[in-house]
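Novice: below is the sequence, then the predicted model.
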Amino acid sequence: MSKLSRREFIYMMAVLGAAPVFANSHTRMAPTNRAEDYYKLKNFGNVRLLHMTDSHAQLLPVYFREPSVNLGFFDNYGKPPHIVGEKLLDYYGIRGNKRLEYAFSSVEFEKHAKVMGRVGGFAQIKTVVDHLRNNFGFEKTLLLDGGDTWQGSATALYTRGKDMVGAMNKLGVDVAVGHWEFTYKAEEILSNIKDLNAEFLAQNVFVKEDALMEGADAYDEDSGLAFKPYTIKKMGNARVAIIGQAFPYTTIANPQRFIPEWTFGIRTDEMQELVDTIRDEEKPDAVIVLSHNGFDVDQKMAQVCTGIDFIMGGHTHDGVPEAVPVKNSSGTTYVCNAGSNGKFLNVLDLDIQNGKIKDFKFTLLPIFSDLIPENKEMKNYIQEVRNPFLKDLNRTIATTDETLFRRGNFNGSWDQVICDALIDVKGADISLSPGFRWGTTIMPGDAISFDDLMTQTAITYPETYARDMTGETLKLILEDVADNLFNADPFYQQGGDMVRTGGISYRIDPTAAMGQRISNIELTKNGKKIQASKTYKVAGWSTVGSKSPGEPIWETVETYLQNIKHIENLKVDSPDIVGVKGNPGIA
């Protein structure tokens, strides 16, 4: 950890450590409950960048459990963000600071959540953003949105992302990039961008040549760029370049059929050429990449591309409380990430002198909803967005004694409910559910509403299927996803966690060669090994290549939950993971 980031992390600990754990207490010792009491960052430098990412359309405060499994191997073994649980508390020296234990780890999650409540919420974020901007100087501050903002809730799906465009405008977002934004139809995406006050950037999205020849719209017809690649922002006396990097594997991880004219990629050669051009022609004081690559991919990009000062990243939902330094042939690039679901806000303060960054201060601020008053304008907007759908959203469909969560490299309890529903409703032997990272957490004893269910399932391609599949095909699917997740080269990690499974158990060796990671696949109902030539009935949802024939997944899960009425003694079909003893990425 660099000296600068350690210095600022200790500062953040001191500030938030002063916040009472029982902030919702109504005793005479209760806090004043003003944002400035706990988010009073001392001004530093002359440029401030605020950065949020992966909010997944969560307008209201949520519960969100950090992963207890986030494995790193090879060059990323034992390095952030691949440190979890007690090991993370020791790595950052935050053991005993209950606020930060709750923010950054899954340690005693239920206990902390019961006391400290929910996190995030756009009305709370608006309060903090306004305070940090006004305190520092509006003309010297930018708010960056790292993408995955228009998807993840019922209202976002119903309005095709328009509700989140409005929320971004009210929040004051200046620059944005995308990933799940591209899971709407192209005309819807372009309409949303037109309504967005922020600049929407992407240096790595191009219009296909045949589409250009047929008259498809492009930001620049000569280069084929679909969107503006970068912007120069005047911030006080400084000039800062912001380059956009969309999720490079969008049309692999998500349906190409919605955006048939666009092509994506990491495009490091184009990135290097663009950085060099900006440095030579624009002569900015700082070059920032606003990225949706994912943390490990951003680190490799920082190694192979020079001239970038900071990469403000997203996609992998990692709340990393430091700016991680990455050495390259010309110096150091710092990689940052701001978690997900509105739980964190990055604050990067730059001291720019004589055309260069002389010093910086980085702080990852947890958004504790109980410490922050709601911004009234944003609160009213959220109510207006939700009001037409409240009867449907508030419908109770079941209750739970289990903590229901998703985030982690392997099965989460929410994923298990989805997998169990597919098997039960579809009459299948086995179920498969995508390794999506988005989705909030439900606390034990809480009712499960339709709104809650949609935080796990609200996508534009939710259709289910049930089909015959050989054991050989099943193994190939598991091997393919495992290689995507655990490939030694981050540039071949194409997003998401391991496919969630129901009805089977298996062994996985993440460090094995491609095609040799998965073994001992067995049916959980009888312990019989899956045979390569035998056919099994497999149910699933969210097919990328073509539309499935079945009902939306939320109908399948609601039918199941209404039948069982209450979740208890949930058995999660977790794999047997080989070679992870001592790995700090598993609690």
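Specialist: In hand now; what should we look at? Everything numeric in this text was worked out from a predicted model, so none of it was measured.
Novice: switch to C-alpha atoms for all contacts and neighbour counts from now on
Specialist: Will do.
Novice: residue boundaries of the helices in the stretch 101-250 of the chain?
Specialist: All helices of the stretch 101-250 of the chain, identified by DSSP state H, counting those that start in this stretch, fall at 109-116, 122-136, 154-158, 162-171, 186-195, 209-213, 250-253.
Novice: other SSEs contacting the longest one?
Specialist: This means helix 122-136. Contacts defined by 3 or more Cα pairs under 8 Å, 6 or more residues apart in numbering; DSSP states H and E place helix 122-136 against helix 35-38, helix 162-171, helix 376-386.
Novice: ok, which of the ones you listed comes nearest residue 328?
Specialist: Proximity to residue 328 (Cα to Cα) singles out helix 162-171 among these, at 34.6 Å.
Novice: mind giving me the domain ranges of the protein?
Specialist: Per automatic domain parsing, the structural domains of the chain span 3-62+118-383, 394-577.
Novice: shouldn't residue 456 be in contact with residue 441?
Specialist: No. Contact criterion Cα atoms under 8 Å: residue 456 and residue 441 do not qualify, at 9.4 Å.
Novice: more neighbours: which of the two?
Specialist: residue 456 (24 against 20; other Cα atoms under 10 Å).
Novice: which residues are in contact with that one?
Specialist: By Cα atoms under 8 Å, 6 or more residues apart in numbering, residue 456 lies in contact with 152, 414, 438-440.
Novice: which of the residues you listed has the most neighbours?
Specialist: Busiest of the contacts of residue 456 [other Cα under 10 Å] is residue 439, holding 30 neighbours.
Novice: that one against residue 151, yeah?
Specialist: No. With contact defined as Cα under 8 Å, residue 439 does not reach residue 151; the gap is 10.6 Å.
Novice: next SSE after the host helix or strand of residue 522?
Specialist: Assigned by DSSP states H and E, residue 522 belongs to strand 518-523. Elements were assigned by DSSP H and E; along the chain past strand 518-523, the next helix or strand is strand 535-541.
Novice: which strands and helices lie in contact with that following strand?
Specialist: Where contact means 3+ Cα pairs under 8 Å, 6+ apart, strand 535-541 is packed against helix 413-426, strand 430-433, strand 464-470.
Novice: who's in contact with the next helix or strand after that strand?
Specialist: Once strand 535-541 ends, the next helix or strand along the chain (criterion: DSSP H and E) is helix 553-564. With contact meaning Cα under 8 Å, 6+ apart, helix 553-564 is reached by 397-398, 417-418, 421-422, 424-425, 450, 453-454, 457-458, 462-464, 541.
Novice: just stretch 164-171 next, same as before
Specialist: With Cα under 8 Å, 6+ apart as the test, stretch 164-171 has contacts from 57, 122, 125-126, 129, 149-150, 156, 192, 195-198, 378, 381-382.
Novice: among those residues, which ones are buried?
Specialist: Buried subset of the contacts of stretch 164-171 (neighbour count, 16 or more other Cα atoms under 10 Å): 57, 122, 125-126, 129, 149-150, 156, 192, 196-198, 378, 381-382.
Novice: for residue 540, give me its contacts.
Specialist: Residue 540 sits next to 419, 422, 431-433, 464-466 when contact means Cα under 8 Å, 6+ apart.
Novice: neighbour count added to the residues you listed, as a markdown table?
Specialist: Output for these, formatted as a markdown table (neighbours: other Cα atoms under 10 Å):
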| residue | neighbour count |
| --- | --- |
| 419 | 26 |
| 422 | 29 |
| 431 | 27 |
| 432 | 26 |
| 433 | 22 |
| 464 | 23 |
| 465 | 20 |
| 466 | 21 |
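Novice: from these, pick the one nearest residue 228.
Specialist: Among the contacts of residue 540, and counting by Cα to Cα, the member closest to residue 228 is residue 433, at 35.0 Å.
Novice: settle this for me: the closest one is touching residue 419, isn't it.
Specialist: Yes. In this structure residue 433 lies within contact range of residue 419 using Cα under 8 Å: 6.4 Å.
Novice: tell me how many other residues crowd residue 447.
Specialist: Burial of residue 447 is recorded as 17 neighbouring residues (other Cα under 10 Å).
Novice: for the one 10 residues further on, same thing?
Specialist: The number of residues packed around residue 457, counting by other Cα under 10 Å, is 24.
Novice: quick one: the residue nearest to it when sequence neighbours are not counted and residue 456, what's the gap?
Specialist: Setting aside the residues directly before and after it, residue 457 is nearest to residue 554 in space (Cα to Cα, 6 or more residues apart in numbering), at 6.2 Å. Distance, residue 554 to residue 456, using Cα to Cα, to the nearest Å: 9 Å.
Novice: then residue 473?
Specialist: Here residue 473 is placed at a distance of 26 Å from residue 456 (Cα to Cα).
Novice: what are the bridge partners for residue 449, then?
Specialist: residue 396 (DSSP bridges).
Novice: pretty sure it sits against residue 395.
Specialist: Yes. Under the criterion of Cα under 8 Å, residue 449 makes contact with residue 395 at 5.4 Å.
Novice: ok, the two, which is more surrounded?
Specialist: Neighbours per residue (other Cα under 10 Å) separate residue 449 from residue 395, with residue 449 holding more: 18 against 14.
Novice: tell me the contacts of that one?
Specialist: 393-398.
Novice: most neighbours of all those residues, which one?
Specialist: residue 397 (22 neighbours).
Novice: my guess is it meets residue 566, correct?
Specialist: No. Between residue 397 and residue 566 there is no contact under Cα under 8 Å: 9.1 Å.
Novice: look up how far residue 537 lies from residue 470.
Specialist: Residue 470 is 9 Å from residue 537, by Cα to Cα.
Novice: oh, that last question was meant for residue 112, not what I typed.
Specialist: According to Cα to Cα, residue 112 and residue 537 sit 42 Å apart.
Novice: burial measure for residue 528, as a count.
Specialist: When neighbours are defined as other Cα under 10 Å, residue 528 has 12 of them.
Novice: now residue 570
Specialist: That count, for residue 570 with other Cα under 10 Å as the rule, works out to 16.
Novice: and the residue lying closest to residue 304 once chain neighbours are set aside, how far from residue 494?
Specialist: Leaving aside its chain neighbours, residue 304 sits nearest to residue 328 (6.7 Å; criterion: Cα to Cα, 6+ apart). Separation of residue 328 from residue 494 (Cα to Cα): 23 Å.
Novice: and if you look at residue 116?
Specialist: Per Cα to Cα, residue 116 is found 35 Å from residue 494.
Novice: could you report the pLDDT at residue 37?
Specialist: Looking at residue 37, its pLDDT reads 67.
Novice: for residue 63, that is, sorry about that
Specialist: Residue-level confidence at residue 63 comes out at 98, pLDDT.
Novice: with residue 11 instead?
Specialist: 50.
Novice: again with the one 5 residues further on
Specialist: At residue 16 the predicted local confidence, pLDDT, stands at 58.
Novice: ok, now residue 33?
Specialist: Predicted confidence (pLDDT) at residue 33: the value is 48.
Novice: use 872 as the first number for this chain going forward.
Specialist: Noted, 872 is the first residue going forward, which turns the last one into residue 904.
Novice: circling back: need the winner for burial among the helices and strands packed on helix 993-1007.
Specialist: Comparing the helices and strands packed on helix 993-1007 by mean neighbour count (mean count of other Cα atoms under 10 Å), helix 1033-1042 ranks first with a mean of 21.
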